[in-house]
Structure formats: structure tokens, C-alpha cells
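> Provided below are the primary sequence and the corresponding predicted coordinates.
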Amino acid sequence: MALETGKMYMRLFHGRSHPKQPLKDWGRDGPIFGPLSWAHISCGMFRIAMEEGEQDGLEVHFFQGMVYYDGYFYADVSVFIEGSIATCDSWEPEEPDPAKMCVPEFYLRGKED
């Protein structure tokens, strides 16, 4: 499924497998979530919703200034409207999995080394 013109998406990129890992290049390209019905940042909390009318949305977890998803820490996040910027034809959106958005406990306890 290709990105739909006029729809909102969130892209994760510049990923690494450990929050302290220095990057020698641009890092891992992450997933693209969407289309989104809304994205909201308030008091340091970032939430996205995939469906119209969804009230609570899905929390996007940050750790050390990076978004965690499916085993990787992404230093960059873009929220964009398809067609408003140049995008890659091979980009395909996916449904975010809430289970993959939780930062593992050992990172939160400071035992990641």
C-alpha cells in the first residue's frame, strides 16, 4: 500500500540498536505510521491516532530524547502530509504495534550497558 496524497504520516529514522551507539552513517530507516487522523504533543507526551474519532490515541515513547520502537531508538521523527514534501516511492505505511513501543525495563533502570 502506497502513501496517500493529502494524508498525514509519521516517519522514524536515524535509528540505532542502543541509545549510546554512535552512528557512522545515517542509521536505520524506521517505520512509517499512518495515515494518521491526528498527532499531539503536550507536556512532553506525544500521541498519535490512526482512526477518525479516536480519543486517546497511542503514546509514542521517548527515551534519552529518542523514540523507541521495536528494538531500536530513533533520533529523528517527521510528521508530514504526503504530497507536501518529496518522499521516496518505496515508502509504505504500517500500523504501529503498541507492544513494540514500550522501552525495555533494563533501559529505564539504567542497566543498559
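Perfect, thanks for sending it. Quick caveat: nothing in here was measured; it's all calculated off a predicted structure.

> need phi/psi at E105.
Backbone torsions of E105, given as degrees, to the nearest 10, read phi -60, psi -40.

> what's the answer for H14, then?
Here the main-chain torsion angles of H14 (degrees, to the nearest 10) amount to phi 60, psi 50.

> cool, F106 as well?
Torsion angles at F106 (phi, psi; degrees, to the nearest 10) stand at phi -60, psi -30.

> so how far is D29 from it?
Relative to D29, F106 is positioned 25 Å away (criterion: CB to CB, to the nearest Å). From N, CA and C alone the C-beta is placed, and that goes for glycine too.

> quick one, which of the two is more surrounded?
When F106 is set against D29 and neighbours are counted by other CB atoms under 10 Å, the residue ahead is D29, at 14 against 10.

> the more buried one against Y72, yeah?
No. Under the criterion of CB atoms under 8 Å, D29 makes no contact with Y72, lying 10.0 Å away.

> can you list the low-confidence ranges for this protein?
85-91, 111-113 (pLDDT under 70).

> and the strands in it?
According to DSSP state E, the chain carries its strands in the segments 8-16, 32-36, 38-42, 45-49, 58-60, 62-63, 66-69, 72-81, 93-94.

> for the fifth one, which helices and strands make contact with it?
For strand 58-60, the helices and strands in contact under the criterion 3 or more CB pairs under 8 Å, 6 or more residues apart in numbering; DSSP states H and E are strand 45-49.

> strand partners of the strand it packs on, parallel vs antiparallel please.
Taking DSSP bridges as the criterion, strand 45-49 forms sheet pairs with strand 38-42 (antiparallel), strand 58-60 (antiparallel).

> how about stretch 10-28: buried residues?
Applying a neighbour-count criterion of 16 or more other CB atoms under 10 Å, the buried positions in stretch 10-28 are 10-16, 19, 27-28.

> check stretch 43-59 too.
Taking 16+ other CB under 10 Å as the neighbour-count basis, stretch 43-59 is seen to contain the buried residues 46, 48-50, 57-58.

> could you identify the most distant pair in those?
F46 and M50 (14.4 Å; CB to CB).

> wait, isn't I32 in contact with F13?
No. Using CB under 8 Å as the test, I32 is too far from F13 to be in contact (9.3 Å).
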